[in-house]
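Enquirer: structure, please.
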Amino acid sequence: MHLFYIPGVNLRQSFDAGEVLHTLPDVESAHMKVMRLKAGDAVRLTDGIGHFADAVVEDVNPKKSTVSLLRVIDEPKDKHQLTIAAAPTKNISRYEWFIEKATETGIDSIIPIYCEHSERGRLHTDRLEKVTIAAVKQSLKARLPVINEPIKLDEYLNNCQNSGRRFIAWIDDSVNDHLKNCIMAKTAVRILIGPEGDFSRRGVELAV
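Expert: As a prediction, this is how the structure comes out:
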């Protein structure tokens with residue numbers, strides 16, 4: 001069944017309130033037209049905040065197709081909240097690939113960070129948001145990760161103090177435990193990943 005993304009709507013609240021008729025945004029309406037769907041066809045929607053909805057097509061229009069909700073399904077919430085703060089790569093396609101895979105595996109939040117050794121100084125988050133939408137639809141998930149605006153490493157470290165368990169991707173011979181053994185259920189987790197040139201010594205010391 002085809003999955004379409006409908007932003008700005010809480011499908012659960014809408015359905016429970018009896019609001020079953022919805023208009024898809026331009027991009028999704030165009031996709032519906034390309035797929036040659038027609039009135040009466042079954043589709044599935046996601047609002048990106050944890051809900052699916054089975055629906056039926058009421059009208060196909062390249063700019064404002066309409067659908068009617070039949071039922072809403074809640075996607076179970078993960079037991080922990082996972083945020084990854086990662087420096088954008090010089091080759092933006094590699095970073096977009098990371099965003100895509102992070103979305104497919106259920107990351108809650110992604111924070112682009114600028115470090116002393118970063119090779120990319122500008123980033124368009126609107127493009128990254130489009131990547132997450134495509135990945136959610138491809139992997140049939142109901143939750144979009146939050147794409148935050150880029151932030152400098154120092155500022156990020158100041159903002160995330162006392163916010164759950166925090167990890168940094170850095171080689172340290174004194175640490176021999178695997179990350180998967182350090183993450184506990186129902187605990188907020190933040191993972192910090194540096195640029196191609198790695199973290200500076202100062203950056204690591206600040207993080208530690």
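Enquirer: from here on, just use CA atoms for contacts and neighbour counts.
Expert: Fine.
Enquirer: centroid residue for the protein?
Expert: A centroid search over the chain (C-alpha atoms, centre = their mean) returns residue 145, at 2.2 Å, as the residue closest to the centre.
Enquirer: test my guess that that one contacts residue 132.
Expert: Yes. Counting by C-alpha atoms under 8 Å, residue 132 is a contact partner of residue 145 at 7.2 Å.
Enquirer: hey, what's in contact with both of those two?
Expert: Taking C-alpha atoms under 8 Å, 6 or more residues apart in numbering as the criterion, residue 145 and residue 132 both touch residue 103.
Enquirer: hmm, back to that, now do the contacts for the residue nearest to the centre of the chain.
Expert: 103, 106-110, 132.
Enquirer: cool, residue 135 as well?
Expert: Applying C-alpha under 8 Å, 6+ apart to residue 135 gives the contacts 100-101, 103-104.
Enquirer: isn't there a helix covering it?
Expert: Yes. Applying DSSP: H, G, I helix; E, B strand; the rest coil, one finds residue 135 inside a helix.
Enquirer: sketch out the low-pLDDT regions of this protein for me.
Expert: 1, 161-162 (pLDDT under 70).
Enquirer: show me where it has its strands.
Expert: 3-5, 21-23, 42-46, 51-59, 66-74, 82-86, 109-114, 146-147, 151-152, 165-168, 189-193 (DSSP state E).
Enquirer: which helices and strands does the second one pack with?
Expert: Secondary-structure packing of strand 21-23 (3 or more C-alpha pairs under 8 Å, 6 or more residues apart in numbering; DSSP states H and E): strand 66-74.
Enquirer: follow-up on the earlier one: got JSON lines for the strands of the chain, with mean neighbour count and distance to residue 14 too?
Expert: Below are the strands of the chain laid out as JSON lines (neighbours: other C-alpha atoms under 10 Å; distance: least, C-alpha to C-alpha, whole Å):
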{"stretch": "strand 3-5", "mean neighbour count": "22", "distance to residue 14": "15"}
{"stretch": "strand 21-23", "mean neighbour count": "17", "distance to residue 14": "9"}
{"stretch": "strand 42-46", "mean neighbour count": "22", "distance to residue 14": "13"}
{"stretch": "strand 51-59", "mean neighbour count": "20", "distance to residue 14": "11"}
{"stretch": "strand 66-74", "mean neighbour count": "18", "distance to residue 14": "9"}
{"stretch": "strand 82-86", "mean neighbour count": "21", "distance to residue 14": "28"}
{"stretch": "strand 109-114", "mean neighbour count": "22", "distance to residue 14": "25"}
{"stretch": "strand 146-147", "mean neighbour count": "16", "distance to residue 14": "22"}
{"stretch": "strand 151-152", "mean neighbour count": "14", "distance to residue 14": "35"}
{"stretch": "strand 165-168", "mean neighbour count": "16", "distance to residue 14": "35"}
{"stretch": "strand 189-193", "mean neighbour count": "19", "distance to residue 14": "31"}
